[in-house]
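In: Sequence and predicted model, in that order:
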Amino acid sequence: MGRIISVGLLGLVTACAAGRVEQGREGRAVQSPSFAASAVSVMQAYDLESRFHEAADLGRFAIERARLLKDAAGEARLQAELGRVLTRQLRHEPGMKEADVLAVLQRARQLAEASGDPRALAAALDAQGMFLYWNKVVAGRGEWEPVVTLFERAQVLAGEAGDTRGVTEALFHLGLTRQFQGDTAGARGFFERSLALARESGDALMQSYDLRHLADLSEKDGDLDTALARHRECLRLREQVGFRTGQVFALITLAQVLTLREPRSEEALAAVQRALRMAEEVKDPASLRESHAALGRVHLRREDAASALSHLEQAMANAEAHQDWLTLVDVQLDVARTHALRGDTAHFEEWLRRAWTLATARGLDVVVLEDVERLGREHGIALR
């Protein structure tokens, strides 16, 4: 990833220089066509490493330059990317104000609409959609309809602009909305269309996203061989592009399927331990809580209740501190399962009901509630 950032910075410097030359030759401020794209590329590289502050600082600098050079479309594209970065940072760092992130996203949309550039508007709408998407999935706020509408509009506009990456992303995001609403067939269709485009354009990163979620659907269908193959390919692609936090999640999902095939899988244990080491190296809170949660689940399947609880408790503390209610419910269910393994029915029911109360209070989606209810039914406990 360091090489990618270096190349991106070189491109940005070159683009800045080109912008100065063009301005001098014409006697007016004209944006170099590659400037905004170069800056966005570097921001994305920083973002993949969870280096949010550097990405945001670069974005603000580039926005000022685009404004100086009177490139409204470039400024809009940069504002949209800044909004994406801040949306992800919001999930990782407590204390940020959602209103500040929304202001950036609204500015991006206003600039894009004023510029008449469909590529910039597609990026702005997609970025706004992702903000609302995470609010819905993690915090249970809002409704699906406006999220879907934003992604649908982004897909159409990106297509009109010939922006393959924009179309690929919008299709993937539409797949996510279907998946979290329990529409497996709809989700699969969008992921497959996105994957086909990503393969055609050689976009390794987007291929990895699509493969990871298609693997989830294969797992739910009981096709573990296909799920494993897709998870392994996802991991390989993320290693190829240097997406370290993405590798953490790829290792976790790989381990999940391995333990379904063999509960005491040594490969699964090694994969999650590697994921935790990487999460500690990059100091990414989301990666840390998911790694601890996954390691807790691996120990649970190995029937090591004490080790499972140790990691699950760390994951819960992290999730609560970052208000990641979706993860917190999942981990509470695993804590309940750990008490069931110990034969402690009182504590099992206590944690099951905690998960139910949190899921309903936070308005989490039907898929989450179904998971809670299913575990209750397995143990003869009615929650409604």
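Out: Perfect, thanks for sending it. Here the structure is a predicted model, which means the values were calculated and not measured.
In: isn't Leu260 right up against Gly222?
Out: No. Leu260 lies out of contact with Gly222 (CB atoms under 8 Å); the separation is 9.3 Å. In short, each C-beta sits where N, CA and C put it, glycine included.
In: more neighbours, the two?
Out: When Leu260 and Gly222 are compared for neighbours, Leu260 comes out ahead with 16 against 9, by other CB atoms under 10 Å.
In: From Val335, how far out is that one?
Out: Between Leu260 and Val335 the computed distance is 20 Å (CB to CB, to the nearest Å).
In: Arg301 now?
Out: Separation of Arg301 from Val335 (CB to CB): 14 Å.
In: Which elements pack onto whatever helix or strand Val331 lives in?
Out: Using DSSP states H and E, Val331 maps to helix 325-342. Using 3 or more CB pairs under 8 Å, 6 or more residues apart in numbering; DSSP states H and E, the elements in contact with helix 325-342 are helix 118-139, helix 285-301, helix 305-321, helix 345-361, helix 366-378.
In: Tabulate those helices (JSON lines), appending distance to Arg232 and mean pLDDT.
Out: Shown next, in JSON lines, are those (distance: least, CB to CB, whole Å; pLDDT from 0 to 100):
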{"stretch": "helix 118-139", "distance to Arg232": "26", "mean pLDDT": "93"}
{"stretch": "helix 285-301", "distance to Arg232": "17", "mean pLDDT": "95"}
{"stretch": "helix 305-321", "distance to Arg232": "24", "mean pLDDT": "95"}
{"stretch": "helix 345-361", "distance to Arg232": "31", "mean pLDDT": "93"}
{"stretch": "helix 366-378", "distance to Arg232": "25", "mean pLDDT": "86"}
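In: closest one to Gln155 among those?
Out: The closest of those to Gln155 is helix 118-139. By CB to CB, the value is 7.7 Å.
In: what packs against the closest one?
Out: Looks like helix 118-139 contacts helix 72-92, helix 98-115, helix 144-161, helix 164-180, helix 325-342 (3+ CB pairs under 8 Å, 6+ apart).
In: one more time with 6 Å, if that's ok
Out: Helix 118-139 sits against helix 72-92, helix 98-115, helix 144-161, helix 164-180, with contacts defined as 3 or more CB pairs under 6 Å, 6 or more residues apart in numbering; DSSP states H and E.
In: Point out the most buried one among these.
Out: Stretch with highest mean neighbour count among those: helix 72-92 (a mean of 25; mean count of other CB atoms under 10 Å).
In: pLDDT below threshold where in the chain?
Out: By pLDDT under 70, the low-scoring segments of the chain are 1-34, 94, 365-366.
In: residues in contact with the spatially closest residue to Arg261 that is not a sequence neighbour?
Out: Spatial nearest neighbour of Arg261, chain neighbours left out: Leu224 (5.6 Å); criterion: CB to CB, 6 or more residues apart in numbering. By CB atoms under 6 Å, 6 or more residues apart in numbering, the contact set of Leu224 is Val257, Leu260, Arg261.
In: would TSV of those with distance to Ala37 and secondary structure be doable?
Out: Formatted as TSV, the contacts of Leu224 follow (distance: CB to CB, whole Å; DSSP: H, G, I helix; E, B strand; the rest coil):
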residue	distance to Ala37	secondary structure
Val257	37	helix
Leu260	42	helix
Arg261	44	helix
